[in-house]
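[1] Sequence plus predicted model, see below.
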Amino acid sequence: MIIKNIDCLVTCKGSYKKTKDDLKDAGIIENGYVALEEDKIKAVGCGDGYRSYMSSQDVIIDGKGKTVTPGLIDCHTHVVYAGSRENELPLKLNNVSYIDILKSGGGILSTVRKTREASIEELIDKSRKRVDLMLMHGTTTIESKSGYGLNFDDEIKMLQVNKSLNELHPIDVVSTYLGAHAVPEEYKNKRDDYINLIINQIIPYISKNSLAEFVDCFCEEGVFTVEESKKILQAALNNNLQVKLHADEIEAIGGAELAAELNAVSAEHLVGASTEGIKAMAKKKVVAALLPATSFYLMLNKFANARAMIEAGVPIALATDCNPGTSPTESLQTIMTFACFGMKLLPEEIINAMTINAACAINREKQIGSIETGKKADITIFNSKNLNYLVYHFGINAVQSVIKNGKLVVENGNIVKGID
Ligand code: NIG
Ligand code: FE
């Protein structure tokens, strides 16, 4: 397959964590081309250079008027769940806080009840529809967290859904265990027992059966403390799993510092992160996975300080946080809007943050995240004459086509039939 005459080819080249001014360089080639061979990128260049890669059986796509990017990577999602939480809207509008809704048995805990009731087939079916939407919006790889089971069987069930989705669907799914998402109701008065269950039984089982690559923890005032999170993540490291952390989403309690101390691959949210925490993350090059739609949806009147993080040298990534409570969206294009208008990020910084740096947040930067020879042929084609236009025209789905593993999986904005 060859994509030629591309008005704006955004390569995001460089398979490493981009920081500071490097984030402003999206490796843009005007009048570019990309040649694919099977599931890999064979050549990238400009002008007529593509002709030397042409053969008679090639599918040729015209990139006139298009912006072409690496397939988008959503490095933080909670896409596997049952039920929905629109009933929380009036509570939110009456200023009941997110943590107070959770403390009264709602929020995450209400999704836990629904997810426990659902069979594995029901969960696959519901999640698959959301993953379809992600693909239609230009996403080709996601990270997916458990965390709505909160007991042995239901957490393993969620991780098995991740595994099935990865096998069934063109999108690649990277699995994260988030048993420490909330203390389940049956452990309300014995939280240490729940933490011990996670540490002594669930984490070793997950590691032994390769059900997740990462372990995450909701380190937040009123949820899990820094000490508890440290204990859980240390157990993960001892079991050869890598760690991530929901850190300082609402209050600054030292989550960013903990992520740096443990050499976490990423720390996520960071709306309240302290200056010291940001410095510590920069020193250890912990990726900051920022989730601006969540700040908006929680009505925090505050976004993570992405500009300060970039200034300090933190590699930033952007993700949807797709979940039923704080960010019910599958679209990384929606995140572009909040990243630009809420966090004041440039279009080049935004696209690097949802491609190559997002790949770094899930340890996949050698395979995906940029349009370079030898990388996976995961590519998104937008109906947009340049990168600025893509961010400027908001609230629509600008995707024309998506190529996953060298195959056309979305055409004219619709999923190509029979791709599974
Ligand atoms: O990233 N903060 C914790 N977890 C999710 C929300 C989950 C939920 O409310 O269902 C988040 O915001
Ligand atoms: Fe989250």
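    Nice, thanks for sending it over. Ligands and ions are numbered 1, 2, ... in the order given.
[2] Helices along the stretch 1-150 of the chain, start to end?
    Assigned by DSSP state H, counting those that start in this stretch, the stretch 1-150 of the chain shows helices spanning 88-93, 98-103, 108-117, 120-136.
[3] I'd like to know which elements the second one is packed against.
    If contacts are counted by 3 or more C-beta pairs under 8 Å, 6 or more residues apart in numbering; DSSP states H and E, helix 98-103 sits against helix 88-93. Where you see a C-beta, it was placed from the backbone N, CA and C, and this is true even at glycine.
[4] how about 10 Å then?
    Here helix 98-103 is seen to pack against helix 88-93, helix 108-117 when contacts are counted using 3 or more C-beta pairs under 10 Å, 6 or more residues apart in numbering; DSSP states H and E.
[5] and the angle from the last one to helix 120-136?
    Right, helix 108-117. 120 degrees (axes from the mean of the first three to the mean of the last three C-alpha atoms, to 10 degrees).
[6] what's around P90, how many residues?
    Residues lying near P90 (other C-beta atoms under 10 Å) number 9.
[7] Lowest mean pLDDT across the helices of the stretch 1-150 of the chain, which one is that?
    The minimum mean pLDDT among the helices of the stretch 1-150 of the chain belongs to helix 98-103 (a mean of 91).
[8] hmm, that helix touching ligand 1?
    No - applying C-beta under 6 Å from any ligand atom, one finds helix 98-103 separated from ligand 1 by no less than 7.1 Å.
[9] which one is the residue of the stretch 51-200 of the chain found nearest ligand 1 nearest to, not counting chain neighbours?
    When scored by C-beta to the nearest ligand atom, the stretch 51-200 of the chain has I108 as its residue closest to ligand 1, at 4.5 Å. Nearest non-adjacent residue to I108, counting by C-beta to C-beta, 6 or more residues apart in numbering: A182, 4.5 Å away.
[10] I'd guessed P90 sits against V96; true?
    Yes - taking C-beta atoms under 10 Å as the definition, P90 is a contact partner of V96 at 9.0 Å.
[11] Number of residues surrounding the closest residue to ligand 1 within the chain?
    Proximity of the chain to ligand 1 (C-beta to the nearest ligand atom) peaks at G325, 2.4 Å away. Neighbourhood size, G325 [other C-beta under 10 Å]: 22.
[12] Chain neighbours aside, what residue packs nearest to it?
    Computed as C-beta to C-beta, 6+ apart, the closest residue to G325 that is not its neighbour in sequence is R85, at 5.2 Å.
[13] Contacts only, for the one you found.
    Residues in contact with R85 (C-beta atoms under 10 Å, 6 or more residues apart in numbering) are 91-92, 101, 106-108, 110-111, 114, 323-326, 328.
[14] how about it, phi and psi?
    For R85, the backbone dihedrals (degrees, to the nearest 10) come out as phi -130, psi 30.
[15] Distance of the residue of the chain closest to ligand 1 relative to E37?
    In this view, G325 and E37 are 43 Å apart by C-beta to C-beta, to the nearest Å.
[16] Same question for E365.
    On the measure of C-beta to C-beta, E365 and E37 end up 21 Å apart.
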